[in-house]
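Undergrad: fold the following.
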Amino acid sequence: MLVYAIRYGKVIIVAPLTNAVAPMITIIISLLIYSVIPGPVVIAGMVTAMIAAYLLAD
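TA: I've put the predicted structure just below:
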């Protein structure tokens, strides 16, 4: 799917999203598996990472 997205989409949008979204998905899945509620600092970091990924793709 990544090759297809790069081939037929804009690389400048696809590459940052694929590189930034994978760690965020891993963090969310691990929080769900271990039933951990993150503290305010971790939540702030996750929100900052999501905003950065959005700004890179924009």
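Undergrad: residues in contact with the residue nearest the centre of the chain?
TA: Central residue of the chain (CA atoms, centre = their mean): residue 21, 2.2 Å from the mean position. Neighbour list for residue 21: residue 53 [criterion: CB atoms under 8 Å, 6 or more residues apart in numbering]. The C-beta positions use only the backbone N, C-alpha and C, and glycine is treated the same way.
Undergrad: now it, what's its secondary structure?
TA: Of the three states, residue 21 takes helix under DSSP: H, G, I helix; E, B strand; the rest coil.
Undergrad: which residue sits closest to residue 30, ignoring its sequence neighbours?
TA: Residue nearest to residue 30 in three dimensions, not counting chain neighbours: residue 36, with 8.0 Å by CB to CB, 6 or more residues apart in numbering.
Undergrad: need the three-state assignment for that neighbour.
TA: Secondary structure, three-state DSSP: residue 36 is coil.
Undergrad: number of residues surrounding it?
TA: 10 (other CB atoms under 10 Å).
Undergrad: can you report phi and psi for it?
TA: Phi and psi for residue 36, reported as degrees, to the nearest 10, are phi -110, psi 130.
Undergrad: just residue 37 next, same as before
TA: Per-residue torsions, residue 37: phi -100, psi 120 (degrees, to the nearest 10).
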